[in-house]
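*Asks:* My questions are about this predicted structure, shown below with the sequence.
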Amino acid sequence: MNSTSETDPKSRKRPLDKPWLPWGGAPTARDLFCWYAVWLVFAYSFAMWPLKPWLIGSDPVLLAALTGTPSSMTVAGAFARVGEASIVTALIAGVLGKMKFVWVFWLAGRLWGGNVVKLLAGTPPEGAVRRSRSILAREKPASRRIIAGAVVLSPLPLIPATLAFASAGWVGMGLPLFLLLDLIGVAVWAGLFTTLGYTIGQPAVELAETITDHAVWVSLTVIAGVFLAQVAMSIRAGRNRS
């Protein structure tokens, strides 16, 4: 005869009822949507790596919109200098590329609070990034001023952007204000690199076109590098567990 725990569907533990997951208990539809969106963002970022060498010298404006990387913004500005793109379009593409997924992490923070901040923080590295992560990844959220400043400064390499975005949702910052703060920082960042490329001009265009001419080998090198990095991380993790 089956026990109550075997016959009652509510008492059965489903695959996504794991204690380490940020929601706790059975996830709602919004939990699942946001969870898979977060992973899709990470998968998208990895998928873009092999494409960068192909687009950097052929359509850097599109690449800037797809990735929002400093190199793509710089080359887009250089293409604008030689008349192959619009400087305004290049700037907008850079802003769009940098901001297009930030709402996902804001929503994660809004839904799961400190749980997702800790999950995103993981094991912090050494140095200044570790200190900035420790400010954001605490039992209680940082002050709204610190989080607002982190959102504005999120394009900087030493700022853990995903933690800043999730923390903004955690403290209840509204989406319009969050996007405005991020836009301020991203617009300055994109303007800096687009202007740099516009100043450099033809030499940057020629370098980008050379990279695209050898895109096959560059892409294979990138893929091999990512694979070797993952293997090295797995080996290190195995040694730490032993």
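*Replies:* Cool, the structure landed.
*Asks:* Could you measure from the residue nearest to Leu181 when sequence neighbours are not counted over to Trp189?
*Replies:* Of all residues not flanking Leu181 in the chain, Val151 sits nearest, at 4.5 Å (CB to CB, 6 or more residues apart in numbering). To be clear about C-beta, it is placed using only N, CA and C from the backbone, and glycine gets the same treatment. Plainly put, Val151 is 13 Å away from Trp189 if you go by CB to CB, to the nearest Å.
*Asks:* Please say which of those two ends up with more neighbours.
*Replies:* Val151 (27 against 20; other CB atoms under 10 Å).
*Asks:* Could you list the residues in contact with the helix or strand containing the more buried one?
*Replies:* For Val151, the enclosing helix or strand under DSSP states H and E is helix 144-152. Applying CB atoms under 8 Å, 6 or more residues apart in numbering, the contact partners of helix 144-152 are 132, 135-136, 141-142, 159, 163-165, 167-168, 171, 173, 178, 181-182, 184-185.
*Asks:* And the next helix or strand past that helix?
*Replies:* helix 161-170.
*Asks:* Residues touching that following helix, excluding its own?
*Replies:* 102, 105-111, 113-114, 116-117, 120-121, 133, 136-137, 141-142, 147-148, 150-151, 153-155, 178, 181-182.
*Asks:* Could you list the buried residues of stretch 97-110?
*Replies:* Buried residues in stretch 97-110, counted by 16 or more other CB atoms under 10 Å: 97-99, 101-110.
*Asks:* if we can go back for a sec, return the distance of the residue nearest to Leu181 relative to Phe101.
*Replies:* From Val151 to Phe101 the distance is 14 Å (CB to CB).
*Asks:* can you check Gly77 too?
*Replies:* 23 Å.
*Asks:* still on that earlier bit, can you say which of the contacts of helix 144-152 are buried?
*Replies:* 132, 135-136, 141-142, 159, 163-165, 167-168, 171, 173, 178, 181-182, 185.
*Asks:* what's the neighbour count on Glu209?
*Replies:* If we define neighbours as other CB under 10 Å, then Glu209 has 14 of them.
*Asks:* Please read the previous query as pertaining to Val88.
*Replies:* Val88: 10 neighbours (other CB under 10 Å).
*Asks:* Check Leu158 and give its pLDDT.
*Replies:* The confidence metric pLDDT takes the value 84 at Leu158.
*Asks:* swap that for Trp217, please
*Replies:* According to the prediction, Trp217 has pLDDT 62.
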